[in-house]
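# Any chance you could fold what I've pasted below:
(one chain, ligands or ions: 1)
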Amino acid sequence: MKRLENKVALITGAAGGIGAASAKRLIDEGASVVLSDINQQAGMQLAESLGEQAIFIQHDVSDKAQWQNVVEQGRKHFGQLNILINNAGICIYNGLLDYTEEEIHRLLNINLLSVILGSQVAAPVIAASSKSGAIINMSSAEGLSSVNGLSAYIASKWAIRGYTKAAAMELGPLGIRVNSIHPGGVDTPMANPTALAKKDFDQPYKKYPAQRGAQAKQIASVVAFLASEDASHCMGAEIAVDGGMTAGKYIDFLPGAPN
Ligand SMILES: NC(=O)c1ccc[n+]([C@@H]2O[C@H](COP(=O)([O-])OP(=O)(O)OC[C@H]3O[C@@H](n4cnc5c(N)ncnc54)[C@H](O)[C@@H]3O)[C@@H](O)[C@H]2O)c1
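Numbers count the residues shown, from 1 in each chain. Take a look at the predicted model:
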């Protein structure tokens, strides 16, 4: 029996990148998947390519009425909802003094408000579907540490980490495990918008233990783990999938640095 047989998952931001890779992995593990994204064309194409175990519903994650629509339509189509993957997100680079109010609101609405609204709307439906559900929130290595040029994004990702723990406390008794994932640099349109070749994309990560960036499927495998009963005692956990980025950076003149 596959790990996610008879489970239904809703994945936001599923038209590309980590969301699309997670959809493929969950389907391989037996789940049915509601793909949601603001990008209708890419979402529809992906759903068609994945067959009967997938449907696409257009969804702006910063809008509560659209959350109610996607959760209700998804539940109606597959008969239940067991797993929510709050993955949709945007990244806007700017200096701390230069971020505009519009940029800050956009980042917080799409990255953070979405996670709160999604949990509020989906949790009762997940709890009514079975005794064991899961919510997985996509934070970032930048929800465990920080870097220049991303202060408002970082605020949203640290907040997701905290909200995950609060949600784990209140939803645990309803049978819903809530955990966060913290990827480092992943080769998707977000982190690699100009589609650099792999060796060039990997270059900035040479200073960290993995010495390369991640591929989306390396995050998707952890999504599948947390969605499954293999993670039955993981609640409010923050899982770094960052190739050691938050473990530390090599200092060349000290012993133990790679050649
Ligand atoms: N790529 C990385 O290096 C990296 C690292 C750490 C964390 N993350 C996080 O992982 C998640 C997925 O990132 P990705 O790299 O796959 O990015 P991506 O840009 O490839 O995919 C993001 C998806 O979200 C969708 N989206 C954007 N705004 C939306 C909205 N308002 N409503 C619904 N969907 C919307 C986009 O259309 C896109 O399909 C994000 O939350 C991101 O912050 C990514």
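
# Grab the longest helix from this structure for me.
As assigned by DSSP state H, the longest helix anywhere in the chain is helix 151-171.

# could you dump that one to PDB, C-alpha only?
Output of helix 151-171 as PDB, limited to C-alpha atoms (Å, rounded to 0.1, in the frame of the first residue of the first chain):
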ATOM      1  CA  SER A 151      13.800  41.900   5.300                       C
ATOM      2  CA  ALA A 152      10.000  41.900   4.600                       C
ATOM      3  CA  TYR A 153      10.100  38.400   3.000                       C
ATOM      4  CA  ILE A 154      12.100  37.200   6.100                       C
ATOM      5  CA  ALA A 155       9.400  38.700   8.400                       C
ATOM      6  CA  SER A 156       6.800  36.700   6.600                       C
ATOM      7  CA  LYS A 157       8.800  33.500   6.800                       C
ATOM      8  CA  TRP A 158       9.700  33.800  10.500                       C
ATOM      9  CA  ALA A 159       6.000  34.500  11.200                       C
ATOM     10  CA  ILE A 160       5.000  31.300   9.400                       C
ATOM     11  CA  ARG A 161       7.300  29.400  11.600                       C
ATOM     12  CA  GLY A 162       5.700  30.900  14.700                       C
ATOM     13  CA  TYR A 163       2.200  30.400  13.400                       C
ATOM     14  CA  THR A 164       2.900  26.800  12.700                       C
ATOM     15  CA  LYS A 165       3.700  26.100  16.300                       C
ATOM     16  CA  ALA A 166       0.500  27.900  17.500                       C
ATOM     17  CA  ALA A 167      -1.500  26.000  14.900                       C
ATOM     18  CA  ALA A 168       0.000  22.700  16.000                       C
ATOM     19  CA  MET A 169      -1.200  23.400  19.600                       C
ATOM     20  CA  GLU A 170      -4.800  24.300  18.700                       C
ATOM     21  CA  LEU A 171      -5.200  21.800  15.800                       C
END
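
# Which positions in it come out as buried?
Residues of helix 151-171 classed as buried under the neighbour-count rule (16 or more other Cβ atoms under 10 Å) are 151-161, 163-164, 167-168, 171. Heads up, the C-betas are built off the backbone N, CA and C, glycines and all.

# Go ahead and measure how far it is from the middle of the chain.
Relative to the centre of its chain, helix 151-171 is centred 12 Å away, using Cα atoms, centre = their mean, to the nearest Å.

# what does stretch 107-116 contact?
With contact meaning Cβ atoms under 8 Å, 6 or more residues apart in numbering, stretch 107-116 is reached by 12, 61-62, 86, 88-90, 92, 137, 152-153, 155-157, 159-160, 163.

# what inclination does the following helix or strand past the longest helix of the chain have with respect to helix 151-171?
Note on helix 151-171: by DSSP states H and E, the next helix or strand toward the C-terminus is strand 176-183. Per axes from the mean of the first three to the mean of the last three Cα atoms, to 10 degrees, the angle that strand 176-183 makes with helix 151-171 is 160 degrees.

# could you give the mean pLDDT of strand 176-183?
Average pLDDT, strand 176-183: 98.

# Does that strand reach the ligand?
Yes: Strand 176-183 is in contact with the ligand by Cβ under 6 Å from any ligand atom, via Pro183.

# so what does that strand touch, helix or strand wise?
The helices and strands touching strand 176-183, judged by 3 or more Cβ pairs under 8 Å, 6 or more residues apart in numbering; DSSP states H and E, are helix 114-129, strand 133-138, helix 151-171, helix 216-227, strand 238-241.

# if we compare the ones you listed, which one ends up closest to the ligand?
For the helices and strands packed on strand 176-183, proximity to the ligand was assessed by Cβ to the nearest ligand atom; strand 133-138 is nearest, at 4.2 Å.

# can you map out the helices along the stretch 1-150 of the chain?
For the stretch 1-150 of the chain, applying DSSP state H, counting those that start in this stretch gives helices covering 17-28, 40-50, 64-78, 101-107, 114-129.
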